[in-house]
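> build me a model from this:
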Amino acid sequence: MASDLDIANRALSRLGAARINSTGDDTKNARAVSSALATVRDEVLVDHPWNCAVKRVTVYATTAGITGITLTGTRVRPTVGAGHPFKNGDPVAITDVVGTTQANASWIVGNVAATTFDLVDPATGDFVDDDDFSAWISGGLVTRRGLWQHDLSFTLPSDLIRLLEVEDQRQSDWLVEDGKLLTDLTSPLNIRYVYRNTNTASYPPLLVSALAARLAAELALEIVDSPAKHQLALDAYNRILFQAKSADGREQTPSQIEESSWVTARFTS
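The predicted model follows:
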């Protein structure tokens with residue numbers, strides 16, 4: 001089983017550079033490795049859905065319960081509790097409020113504080129005046145929405161570096177922006193994604209080789225000032241990646257190729 005140090009020294013060996021005793025050493029080679037390794041690892045994991053770095057989880061639309069609505073005299077201010085997930089500019093929908101039923105609509109979040117925010121009119125961008133609002137009695141749910149085009153916004157896992165699949169949906173049914181999943185699909189959703197797997201003990205041999213080759217390409221100019229070795233390492237990485245895709249593909253049921261409407265039209269017209 002390879003460690004980060006083993007991978008780093010394989011990369012250095014590809015360049016004909018001196019090996020290191022620790023990625024924390026105060027040497028030129030160790031500093032270069034330490035600076036590059038995390039970013040290069042993410043790039044390699046994103047380049048291919050390695051079986052050891054894929055997860056399936058259920059995600060939920062971002063919501064918070066309302067515990068009160070204050071009418072300040074000039075603004076409408078829901079209370080949603082400490083640690084709420086909303087920030088200025090978030091589009092939200094409020095539902096299920098009793099009493100202040102005028103709040104049951106779509107708004108923009110403004111003037112965010114620790115436990116509250118103020119409602120902003122999405123049509124004008126102005127804070128909502130509370131003149132026509134009734135007193136709050138109970139209840140209410142705030143749900144973060146897509147600003148336009150998509151209805152809901154889901155917070156993605158913190159270790160996600162590439163979203164692969166949303167419940168077998170096609171790419172056009174969802175997209176990722178600003179670290180959030182935007183979609184018209186209802187909550188909850190099952191997703192499949194590449195995660196930041198730093199447990200090198202779980203890496204198959206081809207991933208270890210791929211990471212070492214890609215790291216060598218990243219370090220070539222800084223450590224040995226060799227464009228030729230940079231290109232050799234990059235070529236090696238691409239070859240290993242091709243092998244890995246083939247090997248990983250044999251560990252799952254092959255994907256079914258769907259017929260294009262351009263093909264089926266020939267048999268139905």
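> show me the shaky parts of the stretch 51-200 of the chain.
Where the stretch 51-200 of the chain drops to pLDDT under 70, the residues are 147-149, 168-172.
> mind listing the strands in the stretch 101-250 of the chain by residue range?
Along the stretch 101-250 of the chain, the segments classed as strands by DSSP state E, counting those that start in this stretch run 106-110, 118-120, 141-144, 152-155, 160-166, 174-177, 180-183, 189-195.
> now, of those, which is deepest in the fold?
Among the strands of the stretch 101-250 of the chain, strand 118-120 has the highest mean neighbour count (mean count of other Cβ atoms under 10 Å), at a mean of 23. Every C-beta, even on glycine, is put in place using the N, C-alpha and C of the backbone.
> which residues sit against that strand?
75-78, 103, 107-111, 126-128 (Cβ atoms under 8 Å, 6 or more residues apart in numbering).
> out of those residues, who's nearest Gly146?
Distance to Gly146 across the contacts of strand 118-120 (Cβ to Cβ) is lowest for Ile108, with 12.5 Å.
> next up, the contacts around the closest one.
89-92, 119-122, 125.
> looking at strand pairing, list the partners for the closest residue in space to it that isn't next to it in sequence.
Closest residue to Ile108 apart from its sequence neighbours, by Cβ to Cβ, 6 or more residues apart in numbering: Val120 at 4.0 Å. Using DSSP bridges, the beta-bridge partners of Val120 come out as Ile108, Phe127.
> distance of Val120 from Val112?
The spacing between Val120 and Val112, counted by Cβ to Cβ, to the nearest Å, is 11 Å.
> what's the nearest residue to His184 if we skip its chain neighbours?
You called it His, but residue 184 is Asp. In space, Asp184 is closest to Asp151, 4.8 Å off (Cβ to Cβ, 6+ apart).
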